[in-house]
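> here is the input, now give the coordinates:
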Amino acid sequence: MALVNNSDNDLQNKYTSLKSEGLDHTLSETTSAIDVSMFGESNGLADVTLVVEDRRIPVTKAVLAFSSPVFLAMFQSDFQEKEKSEIPLPDKKLQTFVHFLKCIYPNTKEQVTDKENNIFGF
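You can find the predicted model right below:
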């Protein structure tokens with residue numbers, strides 16, 4: 001089993017290497033191309049906004065609660081998120097989270113596959 005070294009110096013070296021290869025896309029360039037309007041903003045049904053990697057994703061609580069026991073507990077129990085209009089999800093990656101949303105939203109046709117190796121955590 002290999003260990004991953006994530007020291008600041010190691011990460012800087014990797015960034016410098018990518019930059020020299022012309023692959024230094026910023027986070028905002030990468031995440032800005034992902035359309036998140038389909039989850040509630042475009043149809044006007046959004047009643048909460050999730051924040052993933054500094055991107056605001058308008059969503060519908062009912063869809064999330066119906067599809068995820070974690071979100072169900074978050075919205076129906078005495079968690080602080082129950083009353084918030086904006087909920088940060090700091091440990092989630094935007095691309096993975098959007099894929100998760102596409103799998104649970106009824107108006108999208110994304111299929112759950114084992115390619116993601118169950119990384120959703122919901």
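> and for residue 87, the neighbour number?
Neighbourhood size, residue 87 [other Cβ atoms under 10 Å]: 20. Every residue, glycine included, has its C-beta placed from N, CA and C.
> the one 10 residues further on now?
The number of residues packed around residue 97, counting by other Cβ under 10 Å, is 21.
> please apply the same query to residue 66.
Neighbour count of residue 66, defined by other Cβ under 10 Å: 12.
> check contacts around the nearest residue to residue 89 once chain neighbours are set aside.
Using Cβ to Cβ, 6 or more residues apart in numbering and skipping the chain neighbours, the partner closest in space to residue 89 is residue 52 (5.1 Å). Listed by Cβ atoms under 8 Å, 6 or more residues apart in numbering, the contact set of residue 52 reads 89, 92, 93, 94, 97.
> relative to residue 95, how far out is the nearest residue to the fourth one once chain neighbours are set aside?
To tie it back to what came earlier, the one meant is residue 94. With sequence-adjacent residues excluded and distances taken as Cβ to Cβ, 6+ apart, residue 94 is closest to residue 53, at 4.2 Å. From residue 53 across to residue 95, the span is 9 Å (Cβ to Cβ, to the nearest Å).
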